[in-house]
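[1] got a predicted structure here, sequence first:
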Amino acid sequence: MEQYFQQEFETMSRAKIKELQSDRLVKQVTHVYENVPYYRKKMDEKGLKPEDIKGIEDLHKLPFLSKADLREAYPYGLLAIPLEECVRIHSTSGTTGKRVVAFYNQHDIDLWEECCARAIVAVGGTKEDVCQVCYGYGLFTGGAGLDGGSHKVGCLTLPMSSGNTERQIQFMADMGATILCCTPSYAAFLGESITEKGMKDQIKLKAGIFGAEAWTEEMRHDIEKTLGIKAYDIYGLTELSGPGVSYECSEQKGMHICEDHFIAEIIDPDTGEVLPEGSKGELVFTSITKEAFPLIRYRTRDICILNYEPCACGRTHVRMTKPMGRSDDMLIIRGVNVFPSQIETVLMNLGLKSNYQIIVDRVNNTDTFDIDVEMTPEMFSDTLTDISRTEKQIVESLRSMLGIMAKVHLVAPKTIARSEGKAVRVIDKRKLV
Ligand code: DLL
């Protein structure tokens, strides 16, 4: 029989969901209007007062919010409660000083962890399970979110964080981990390493909760086969809390969005117009229960389709497809968000020009990240030692900006093809959808 973590909310009738969303939206709009000057200004500019929003049918009147707003308001400009009420921050990787930072009070943390607990129960998790969390712990939301969810379900939690594959596998075997939480690419890598070590018969895993980056159905089948588990998708973003905004159920046919906490819309990324049910477009979220850092009509830049058909699992919350791409130039490499502009900043700071090309691929289920950078004519006459020193400098600066390693190749001046229109900065060879 299907198990739920919060059955009352997860299986609420569509009519009740709409009612609850309307009610919460009206309160949320009042909360931000009264407490966040940034929102008040945006609403005033549109001639909107909180009383103009009477329910979800009025949602479309509200202005959008984008990553640019979050950067402009950095760090406290969108905070809706006194700072001393906050207990945590999380952040995405980004240019120093212009990271996106999200704030939480204890209530926000509890609700977020409950969403992650729903995801764990949806894959069959109970207090009898041993849940190994190898998402990164720290500013990234993956570790903290699934860790909190695992506690709420009552699983024995293994707070491994990312990396150290030997130790991961040893604990997985010794502690009898049954649920694995990590990025799909790391899951695939763990699968390969377990096979290589001949340890498959010591592994008790039954399910995996994998997200934070795009992955295909082929990759799902591959991971399921190598690890002998069922592999489920989970989606979320720092700005809205982290993982658990949506998650897959036993049907594995789309991710249920926690609609009692988030209202989802699909818009045309060019015009901002709300698209009819079933359309493919940019996903926009309004967080209706967050207190510290509520976002109204936040443009995720993720492109997907919403499916309102009833699901056989009994959950009534709308399902989203896997993100099918983005409406901006953000890349997700080994789970880390990378904007080409960040790479450009590093190169400029080191006195290089913006003639570069990023080449991303996926080899053996792991993302490769190469950057060709043109030398300036002055550098071209440098000795090989000088050139390799510069390469190292770039790698190091990129690592401290992004938190991941790139392979940098300095190439001769004028070897990167010039374009007559937009420069082709990124060659993404991964087949992700
Ligand atoms: O990646 C939160 C997360 C942690 C989700 C652990 C799932 C598991 P950010 O670092 O802020 O947050 O990145 C958010 O990652 O807008 C999507 O483009 C992408 N993304 C997240 N989950 C998925 C997924 C976390 N399941 C951005 N499939 C989002 C494809 C995903 N893309």
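    Everything's here; your move.
[2] what about residue 424, how many neighbours?
    12 (other Cβ atoms under 10 Å). All C-beta spots, glycine's among them, are computed from the backbone N, C-alpha and C.
[3] thought it was touching residue 417?
    Yes: between residue 424 and residue 417 there is a contact under Cβ atoms under 8 Å: 7.4 Å.
[4] in the lowest-mean-pLDDT helix or strand in the chain, what counts as buried?
    When each helix and strand of the chain is scored by mean pLDDT, DSSP states H and E, helix 377-380 comes last, with a mean of 81. By neighbour count on 16 or more other Cβ atoms under 10 Å, the buried set for helix 377-380 is residue 379.
[5] following element in sequence after the helix or strand harbouring residue 243, please.
    Secondary structure from DSSP states H and E places residue 243 in strand 242-248. On the C-terminal side of strand 242-248, the closest following helix or strand by DSSP H and E is strand 255-257.
[6] helix, strand or coil for residue 371?
    Assigned state for residue 371: strand (three-state reduction, DSSP: H, G, I helix; E, B strand; the rest coil).
[7] list the contacts for it?
    343, 356, 357, 358, 359, 394, 398, 406, 407, 408, 409 (Cβ atoms under 8 Å, 6 or more residues apart in numbering).
[8] run through the bridge partners of the fourth one.
    Judged by DSSP bridges, the bridge partners of residue 358 are residue 371, residue 426.
[9] residue 142 versus the residue lying closest to residue 37 once chain neighbours are set aside, what's the distance?
    Leaving aside its sequence neighbours, residue 37 sits nearest to residue 77 (Cβ to Cβ, 6 or more residues apart in numbering; 7.9 Å). Counting by Cβ to Cβ, to the nearest Å, the gap from residue 77 to residue 142 is 26 Å.
[10] the two - which one has more neighbours?
    A count of neighbours by other Cβ under 10 Å puts residue 142 above the other of residue 77 and residue 142, at 28 against 14.
[11] which SS class is that one?
    Applying three-state DSSP: residue 142 is helix.
[12] show me which helix runs longest in this protein.
    Identified as the longest helix of the chain according to DSSP state H is helix 14-35.
[13] elements contacting it?
    With contacts taken as 3 or more Cβ pairs under 8 Å, 6 or more residues apart in numbering; DSSP states H and E, helix 14-35 sits against helix 37-45, strand 280-287.
[14] helices or strands up against the first one?
    The contact analysis (3+ Cβ pairs under 8 Å, 6+ apart) places helix 37-45 against helix 14-35.
[15] one more time with 10 Å, if that's ok
    Packing contacts for helix 37-45, counted by 3 or more Cβ pairs under 10 Å, 6 or more residues apart in numbering; DSSP states H and E, involve helix 14-35, helix 67-72.
[16] and if you look at the shortest one?
    Judged by 3+ Cβ pairs under 10 Å, 6+ apart, strand 280-287 is in contact with helix 14-35, strand 230-237, strand 242-248, strand 262-267, strand 298-307.
[17] switch the cut-off to 6 Å
    strand 262-267, strand 298-307 (3 or more Cβ pairs under 6 Å, 6 or more residues apart in numbering; DSSP states H and E).
[18] just to revisit the earlier point, which of the helices and strands packed on helix 14-35 sits most buried?
    strand 280-287 (a mean of 22; mean count of other Cβ atoms under 10 Å).
[19] is the ligand contacted by that one?
    No: using Cβ under 6 Å from any ligand atom, strand 280-287 stays clear of the ligand, coming no nearer than 8.4 Å.
[20] now that strand: average pLDDT?
    Strand 280-287 carries an average pLDDT of 97.
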